[in-house]
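Undergrad: Coordinates for the following, if possible.
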Amino acid sequence: MNAIIICGGLSTRLGDMTKDIPKVLLEIGPKTVLDWQINQLGKAGVTDVVLAAGHLAHVLRDAVGDTRQGLSIQYAIEDKKLGTGGAIKHAFRYLEHVDDPVFVLNGDVLSSCDFSQMIRSLRLNSQGIIMGARVDDASHYGTLDYDDERRLRAFQEKKGNATHGYVNGGVYLFTKQVQSFFPREEAFSVEYDVFPALTDLDVYPWDGIWIDVGVPDRLSWAREHWNLFV
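TA: The predicted structure is shown next:
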């Protein structure tokens with residue numbers, strides 16, 4: 001089974017911490033962000049991972065190599081900024097198992113989710129699943145609107161309300177059908193240029209631990225509570 005990890009961003013919100021090292025190589029307790037993610041994917045049966053890399057790709061390759069925790073690693077290196085959607089489209093060319101579902105992870109999200117449960121929830125005739133991560137304060141996020149059968153109805157814009165909600169958790173499980181919705185352009189956003197066109201996407205609500213470590217305060221929290229991701 002395949003996975004793509006998007007890890008080519010500049011990580012400007014973390015300042016000097018990611019000046020010389022990709023965000024996925026930052027340490028969270030005894031492991032890097034990448035190693036936490038690869039461990040999670042391996043437990044779910046993933047065997048091949050493509051790192052969608054750009055900024056500091058050479059540092060990433062030197063540090064990670066061609067295998068990690070028994071998983072095969074390939075690199076889809078961007079020679080220009082492609083956006084989240086363009087990076088995924090580019091990485092699809094490197095997949096070993098083209099007909100299999102593929103996990104796609106943002107390179108700055110950590111959770112305690114068992115990805116095997118997402119696989120069991122996948123409808124193979126659908127376009128895939130998006131993790132809906134529950135947050136207590138959704139005022140800084142857009143939220144996911146889905147029905148009783150967990151079919152996604154809409155992405156709701158930020159409302160500024162300090163109430164709980166389910167947000168885009170940056171973890172997707174796509175079937176091969178999603179590729180037909182990629183624009184012809186090289187550079188585009190999966191959030192704004194692909195998701196609005198999808199008509200059969202499910203939500204996997206996740207009430208456990210989840211965090212985006214792309215800003216200093218959340219990174220500090222993850223480092224203090226790393227044992228929650230075991």
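
Undergrad: Report how many residues lie close to R61.
TA: If you count neighbours by other Cβ atoms under 10 Å, R61 ends up with 16. Placement of C-beta: from N, CA and C, glycine included.

Undergrad: list the contacts for it?
TA: 53, 75 (Cβ atoms under 8 Å, 6 or more residues apart in numbering).

Undergrad: So for it, what's the pLDDT?
TA: What the model reports as pLDDT for R61 is 95.

Undergrad: Please give the element, helix or strand, for it.
TA: helix 57-64 (DSSP states H and E).

Undergrad: what do you get for L41?
TA: helix 33-43.

Undergrad: Rounded mean pLDDT for the next helix or strand after the helix holding R61, please.
TA: Later in the chain than helix 57-64, the nearest helix or strand by DSSP H and E is strand 67-68. Averaging pLDDT along strand 67-68 yields 96.

Undergrad: coming back round to it: so the helix holding L41 versus helix 57-64, what angle?
TA: Angle, helix 33-43 to helix 57-64, by axes from the mean of the first three to the mean of the last three Cα atoms, to 10 degrees: 60 degrees.

Undergrad: which other residues reach helix 33-43?
TA: 3, 5, 7, 23-26, 28, 31, 49, 51, 64, 68-71, 103, 105, 107-108, 110-111, 113-116, 213, 229.

Undergrad: now that helix: how far from the chain's centre is it?
TA: From the chain centre to the centre of helix 33-43 is a distance of 12 Å (Cα atoms, centre = their mean, to the nearest Å).

Undergrad: For it, buried residues please.
TA: Residues of helix 33-43 classed as buried: 33-38, 40-42 (neighbour count, 16 or more other Cβ atoms under 10 Å).

Undergrad: pLDDT and distance to F155 added to these, as a markdown table?
TA: Shown next, in a markdown table, are the buried residues of helix 33-43 (pLDDT from 0 to 100; distance: Cβ to Cβ, whole Å):
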| residue | pLDDT | distance to F155 |
| --- | --- | --- |
| V33 | 96 | 25 |
| L34 | 97 | 27 |
| D35 | 97 | 31 |
| W36 | 97 | 27 |
| Q37 | 97 | 24 |
| I38 | 97 | 28 |
| Q40 | 96 | 25 |
| L41 | 97 | 25 |
| G42 | 97 | 30 |
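
Undergrad: Among those residues, find me the one that's closest to E191.
TA: Distance to E191, by Cβ to Cβ, is smallest for Q37 among the buried residues of helix 33-43, at 19.5 Å.

Undergrad: rewinding a little: counting only helices, which of the contacts of helix 33-43 make the cut?
TA: 64, 115-116 (DSSP state H).

Undergrad: Please, a PyMOL command that selects the buried ones among the residues you listed?
TA: Buried members of those, defined by 16+ other Cβ under 10 Å, are picked up in PyMOL with:
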select buried, resi 64+115
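
Undergrad: Flag the shaky bits of the protein, pLDDT-wise.
TA: 10-12, 16, 139, 157-162 (pLDDT under 70).

Undergrad: Dump the longest strand anywhere in it to CSV, restricted to CA.
TA: Longest strand of the chain, by residue count under DSSP state E: strand 165-174. Extracted as CSV, the C-alpha positions of strand 165-174 are listed here (Å, rounded to 0.1, in the frame of the first residue of the first chain):
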residue,chain,number,x,y,z
GLY,A,165,-15.8,21.3,15.6
TYR,A,166,-14.2,18.9,13.2
VAL,A,167,-11.5,20.4,10.9
ASN,A,168,-9.5,19.1,8.0
GLY,A,169,-6.9,17.0,9.8
GLY,A,170,-4.4,16.9,6.9
VAL,A,171,-4.7,13.1,6.6
TYR,A,172,-6.4,11.7,3.5
LEU,A,173,-7.0,8.2,2.1
PHE,A,174,-7.7,8.6,-1.6
